[in-house]
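Asker: this one's sequence-less:
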């Protein structure tokens, strides 16, 4: 018995200015017993990043510039998330300092 993962669907969105906004990919999983297909399912749509797109033929669909934009977008989102987490940490620290100062 063998399960194969093949591309099924790609959804790409651009914003109003024409900049790439996001992309999701969905895969089909086919279960075979020798040559017989005994089942298939669709996986959930998942954010498309080049490391998550292993086996997906991006080169057939997107130019190198668009692929580079996906890489840049993923890096920017990770940086933003880290910055937001740091802001939340600093706000909590500031609140604690202010509470301690008011208690004195």
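Answerer: Arrived safely. What you see is a predicted model; the values in this text were computed from it and never measured.

Asker: how about the strands in this protein?
Answerer: In order along the chain, the chain carries the following strands (DSSP state E): 2-14, 20-33, 36-42, 46-47.

Asker: mind telling me which of those strands the model trusts least?
Answerer: Lowest mean pLDDT of those: strand 46-47, a mean of 80.

Asker: list the helices and strands that one packs on?
Answerer: If contacts are counted by 3 or more C-beta pairs under 8 Å, 6 or more residues apart in numbering; DSSP states H and E, strand 46-47 sits against strand 20-33. Every residue, glycine included, has its C-beta placed from N, CA and C.

Asker: got the angle between the strand it packs on and strand 36-42?
Answerer: Between strand 20-33 and strand 36-42, the angle formed by their directions is 160 degrees, by axes from the mean of the first three to the mean of the last three C-alpha atoms, to 10 degrees.

Asker: buried residues in strand 20-33?
Answerer: 20, 23, 25-27 (16 or more other C-beta atoms under 10 Å).
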